[in-house]
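Enquirer: Coordinates for the following, if possible.
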Amino acid sequence: MVLRIRCAVVTCLLALASQAVYADIGPNLSTVPAGWVTDRYDPHSFTNVGTYQGRANVLGIQITSAEGFPNRPPAFQSTFYNTQGRQQLVNGGPGSVLGADLYIPASWGSEANGSFRTDMWGVVDDNSNNVVDYPIIGFTNNGGPPRFRAWNNPTSSWVDLPTPVMYDAWTRLQIQFTGSNYVYFINGVPVVTLPADPTATHFTAVIMQAYNFYGDPNLSNVNPVNYTAYWANAISPADDAFQLKYFNTNYGSGQIIISNAGTMSSGSNATDDSTGTICANFYTFDPNEEMQTCCSCPVTPNGLSSLSIMDDIMAQNLIVNPSSAITVKVLFTLKSTQNKGGECDPTQASFVNLAKGGLAWGTNLRAVSFQGSPPSTVSAVTETKFSQAELSIAELSKLATYCKYVKILGSNVTGICKSCQSGARGSIGK
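Expert: I've put the predicted structure just below:
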């Protein structure tokens, strides 16, 4: 049964694997406003607001009634100029990705609090540098439930995306140009693929905008309010966020020891660990590539915790007779941006919340033979660091998705590691 589930998931994820390698071409929001020029109409402000919700160099696009339909010069009193923002030049051919993180406050969850819309646009040219496409991804709560959506260029229409909206959190939005299609990603997961113009060759610009609903007689069922849309640079995966190590339990139980260097800590309060606490998300595979367990442990800055391979990692294994050889993968995520700062959850790891500063070591027991009369064999302990590895979009999605299925199959009883304990425990021989 586990094998069938795994194969079904792999089939679903084959498309992801082809998207694992890409070139990130921006936008670079740290330069705002330098290098950004008005597109259509300037919002009330388009500025680098500094630090916001744990992110630095955040772009704030402020929408107010002052730039609403009736308050603009006559030449700009049309619905076209309700879209307000600026653009930055970029350059990237097939394989290139535009990406940025959008903060969605809880107030945007109801249009009773106001009509909100903000989008990231790509500008795509042909070989003659004529604009042929505007791939767009963004958020709105107007005219329906709050939702993400993408622009379908051939039909000039919006496609609503099924991804649930996470409030009071950052969400990564990306557009990849493949040469023939646009693949739209939310938090590293591809959610829809839409066709590109046959003559499209490369990105030439990116537009960051928000929508002004004030005073337009052509709009109905809107609730105009002043608001600010906050966007942040899409942070590249931390080099040390993804690590792995193999273990063999033929001669006893190894141990995993984890710590937190405090790299993600911010603020001036040295006694407040909330900003720097990370989650160590563990995923265990047997030699047949089947995920057997998954779990997560919070680790405070300078904290030290450990898990026993046999008593914690494999104690509630998904299958009755687990393999004695396993691969353990760990993803470090920032607790404050996962589940709104709630409990650590290995199914919620994403590119948006990957964290730096996580450290992991593992101990194994091995049989060592000595020549003599008679020959003798003893158990020896080896301790090494987990190995860092490059994390692909496909692998990240696979880990979180497999873990969800493991929890379902195990009824949230089996397939879940038992516990994390404070301190660094040693290996236990048989």
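Enquirer: hey, let's count contacts and neighbours off CA atoms from now on
Expert: Fine.
Enquirer: I'd like the distance from the most centrally placed residue in the chain to residue 59, if you could.
Expert: Against the mean C-alpha coordinate of the chain, by CA atoms, centre = their mean, the closest residue is residue 351 at 2.5 Å. Residue 351 sits at a distance of 19 Å from residue 59 (criterion: CA to CA, to the nearest Å).
Enquirer: for residue 212, same thing?
Expert: The spacing between residue 212 and residue 59, counted by CA to CA, is 17 Å.
Enquirer: Read off the pLDDT value for residue 376.
Expert: Residue 376 carries a pLDDT value of 62.
Enquirer: so who does residue 298 touch?
Expert: 277-280, 335, 344 (CA atoms under 8 Å, 6 or more residues apart in numbering).
Enquirer: Name the member of the residues you listed with the most neighbours.
Expert: residue 278 (36 neighbours; other CA atoms under 10 Å).
Enquirer: is that one in a bridge, and if so with what?
Expert: Beta-bridge partners recorded for residue 278 (DSSP bridges): residue 299, residue 334.
Enquirer: and it, what does it touch?
Expert: Taking CA under 8 Å, 6+ apart, we find residue 278 in contact with 260, 298-301, 332-336, 355, 358.
Enquirer: per-residue pLDDT, it?
Expert: On pLDDT, residue 278 comes in at 91.
Enquirer: Over to residue 266?
Expert: 67.
Enquirer: Centre of the chain to stretch 391-403, how far?
Expert: 11 Å (CA atoms, centre = their mean, to the nearest Å).
Enquirer: Can you pull the poorly scored residue ranges out of this structure?
Expert: Applying pLDDT under 70 to the chain picks out residues 1-22, 235-238, 266-273, 320, 337-341, 367-373, 375-379, 412-415, 423-430.
Enquirer: can you list the domains in it?
Expert: Residue ranges for the domains of the chain, per automatic domain parsing: 23-233, 242-429.
Enquirer: Next, residue 199: secondary structure please.
Expert: Assigned state for residue 199: coil (three-state reduction, DSSP: H, G, I helix; E, B strand; the rest coil).
Enquirer: residues contacting it?
Expert: Going by CA under 8 Å, 6+ apart, residue 199 touches 126-127, 132.
Enquirer: of the residues you listed, buried ones?
Expert: Neighbour-count burial (16 or more other CA atoms under 10 Å) is assigned, among the contacts of residue 199, to 126, 132.
Enquirer: on that earlier part again, most neighbours, which of the contacts of residue 278?
Expert: Neighbour count (other CA under 10 Å) singles out residue 333 as the most crowded of those, with 33 neighbours.
Enquirer: Let me know the closest of the contacts of residue 199 to residue 104.
Expert: For the contacts of residue 199, the residue nearest residue 104 by CA to CA is residue 132; the value is 30.4 Å.
Enquirer: Identify the residues contacting the closest residue to residue 313 other than its chain neighbours.
Expert: Spatial nearest neighbour of residue 313, excluding adjacent residues (CA to CA, 6 or more residues apart in numbering): residue 417 at 4.7 Å. By CA under 8 Å, 6+ apart, the contact set of residue 417 is 293-295, 312-317.
Enquirer: where's residue 417 relative to residue 308, distance?
Expert: 10 Å.
Enquirer: same thing with residue 111?
Expert: Using CA to CA, one gets 50 Å for the distance from residue 111 to residue 308.
Enquirer: and what of residue 49?
Expert: For residue 49, the distance to residue 308 equals 46 Å [CA to CA].
Enquirer: And residue 327, by the same measure?
Expert: When distance is defined by CA to CA, residue 327 is 14 Å away from residue 308.
Enquirer: quick one: which of these two has more around it?
Expert: residue 308 (25 against 16).
Enquirer: pretty sure the more buried one contacts residue 256?
Expert: Yes: using CA atoms under 8 Å, residue 308 makes contact with residue 256 at a distance of 6.4 Å.
Enquirer: where exactly do the helices run in the chain?
Expert: Along the chain, the stretches classed as helices by DSSP state H are 2-17, 393-409.
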